[in-house]
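Engineer: Sequence and predicted structure are below.
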Amino acid sequence: MAKDMKVAYLLDFYGDLLTDKQRDSLDYYYNEDLSLGEIAANLGISRQGVRDNIKRAEAVLFELEEKLHLAEKFSQIKDGLDSVRKAVDVIDDRNMKIYRSKDINESIKMILRELDRLNQLNQ
C-alpha cells in the first residue's frame, strides 16, 4: 500500500468518527509509520485484518471529506489568513518607511490581533 499523506491529514479532522481499531490502524500506519505486521501485533489481529481496517477507514475519511469539505475549508481559511498577514506586512513596511502614521500603525496592530485570534480558532 502506498502511503497517501492526505489520509493522515483527514484523520485529524474525522478520526473520532472511526471505530477504535480503524483509527488506531490508521494512526499506527500513517503517523507512527509501523508495518502491517507491527500493527497486527499491537492490536491483536491479523495482518489482513489491519489491511482491511485501513482500507475501510480510508474510504470513510474520503467519503466524509467529500460530503463535508472540512479539511478543504480549513486549508482555504489558513491560506486566506496567510495572504492577509502578508498584505499587512507590506502595508506596515510601507507605513514605517514612508508615512509613519500612528493611525495606520494602530490599525495594523488591530488587524494583527484579529488575525492571531482567527488563527487560534482555525487550529
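Structural biologist: Arrived safely.
Engineer: CA atoms for contacts and neighbours, from now on please.
Structural biologist: Fine.
Engineer: Residue 28 reaches residue 34, doesn't it?
Structural biologist: Yes - Residue 28 is within contact range of residue 34, at 5.6 Å (criterion: C-alpha atoms under 8 Å).
Engineer: Skip the chain neighbours and tell me the closest residue to residue 14.
Structural biologist: residue 61 (6.5 Å; C-alpha to C-alpha, 6 or more residues apart in numbering).
Engineer: That neighbour and residue 52, how far apart?
Structural biologist: In this view, residue 61 and residue 52 are 14 Å apart by C-alpha to C-alpha, to the nearest Å.
Engineer: who's in contact with the residue nearest to residue 14?
Structural biologist: By C-alpha atoms under 8 Å, 6 or more residues apart in numbering, residue 61 lies in contact with 7, 10-11, 14-15.
Engineer: Domain ranges for the protein, per the record?
Structural biologist: For the chain, automatic domain parsing gives the domain ranges 5-68, 72-121.
Engineer: where in the protein is pLDDT low?
Structural biologist: Within the chain, the segments meeting pLDDT under 70 span 1-2.
Engineer: pull the longest helix from it.
Structural biologist: helix 70-94 (DSSP state H).
Engineer: what's residue 35 sitting at in phi/psi?
Structural biologist: Main-chain dihedrals, residue 35, degrees, to the nearest 10: phi -80, psi 170.
Engineer: actually residue 44, not the one I wrote
Structural biologist: Per degrees, to the nearest 10, the backbone of residue 44 is at phi 70, psi 30.
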